[in-house]
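[1] build me a structure from this.
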Amino acid sequence: MPPVSDLVALDIGGANLKAADGLGWAVSVPFPLWQRWRELPAALTSLVADRQPRRIVATMTGEICDCYASRAEGVAHIAESLTAAAAALGCLEPPGVYLVDGRLIPASEAAGHWRLAAASNWHILARLAASLLPAGRGMLLDIGSTTTDIVPLQDGRPAPLAHDDAGRMLSRELVYTGLERTPVAAIVRRLPHRGRWRPVASERFADSRDAWLLLGGVGEDAADRDTADGGPATSAAARVRLARTMLLDPDGITVADAITAAEWIADRQAAQVARGVRRVFHAVGSRPDAMVISGHGGPLAERALRAVDWDLERHDLAAELGPNVARAAPAHALARLVREAVG
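    Numbering: from 1, shown residues only. Below you'll find the model as predicted:
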């Protein structure tokens, strides 16, 4: 018999779909929503079909994808897809959508509250992080494949400076850099190569994942072709992609050369995240006493924290929840919230 769950929560992003039941099961799969938005209902159904859930709930960030004319249209389509998936799964209860003000509403009402439904996954994750820091000032640092979230926490509750993506990017609570999907040309304008600096071509020849593959911060997967050139996600292929960013042939860059370039890319990414952390807490008015690290971007988080150089109590969600659940942490947090509300 397949495992059965009364409840499954989804985190519907622009590049990945994630699901969790709040009890230890979680899954994350690549899904380029901007290319395959018509397939979203079927993808959501397939993602959780073996769990046979009686109810599904969701948080989202995929509404910003450029397949939608507006965020309002994106929220409406994602909510409609969630409703279609619930019907296909034979759910006994209507699906729910999480809002950034902390409410859970029927998916049928999400289009009317699109400003609060859009990009809500950071907020539910911040609620989980804040529960680990019940007193004093804290911080959530969540680094995923595409973005970094920096959320102030106060006395066990999220205390953000802004609530929507545009405002959070302005306040630096949202930094558009991540462990895998950030083009190298968006991180650096030059790379070190054998004692000189070479300009970087403004093309998507390589991504941040290539740097972290070479540094060991991301595991190799030869079957994974979700890369800049469609080649394997291996350090050998990453070396070639980094060579291409400098318009060099593969034999023009050794493994040592590539690692030197990757170190520079990683340091520049870390500096960007560190600037965001400093700016957010300068605006808050005081440093945090403790922090929660989340997402699979732990290697980048560690570099950024070394650059900030603050002595903080730390909690690592990957260590506390396990890496598989931590990768789907917003979905896990939402499932837990709903279970606690029902229980």
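[2] all helices of this structure, in order?
    33-36, 40-48, 71-89, 114-117, 121-131, 165-171, 208-215, 235-245, 255-284, 298-308, 317-321, 323-327, 329-342 (DSSP state H).
[3] low-confidence ranges in this protein?
    Where the chain drops to pLDDT under 70, the residues are 1-4, 342-343.
[4] could you list every residue that touches the most centrally placed residue in the chain?
    Closest to where the C-alpha atoms of the chain average out (Cα atoms, centre = their mean) is G144, at 3.4 Å. For G144, the contacting residues are G178, L179, G295, H296, G297, by Cβ atoms under 8 Å, 6 or more residues apart in numbering. For glycine as for every other residue, the C-beta is placed from the backbone atoms N, C-alpha and C.
[5] which of the residues you listed has the largest number of neighbours?
    Greatest neighbour count in the contacts of G144, by other Cβ atoms under 10 Å, goes to G297: 29 neighbours.
[6] once you drop chain neighbours, what's closest to that residue?
    I143 (2.8 Å; Cβ to Cβ, 6 or more residues apart in numbering).
[7] how close does A119 get to D101?
    Shown here: A119 relative to D101, a distance of 13 Å by Cβ to Cβ, to the nearest Å.
[8] these two - which one has more neighbours?
    A119 (27 against 11).
[9] got the contact list for the residue nearest to G297?
    Neighbouring residues of I143 by Cβ under 8 Å, 6+ apart: D149, G178, L179, V273, S294, G295, H296, G297, G298, L300, A301.
[10] in a markdown table: these, plus distance to A222.
    What follows is these, written out as a markdown table (distance: Cβ to Cβ, whole Å):
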| residue | distance to A222 |
| --- | --- |
| D149 | 31 |
| G178 | 22 |
| L179 | 19 |
| V273 | 29 |
| S294 | 28 |
| G295 | 24 |
| H296 | 19 |
| G297 | 22 |
| G298 | 23 |
| L300 | 23 |
| A301 | 27 |
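[11] out of those, which comes closest to W37?
    The shortest gap between W37 and any of the contacts of I143 belongs to G178, at 21.1 Å (Cβ to Cβ).
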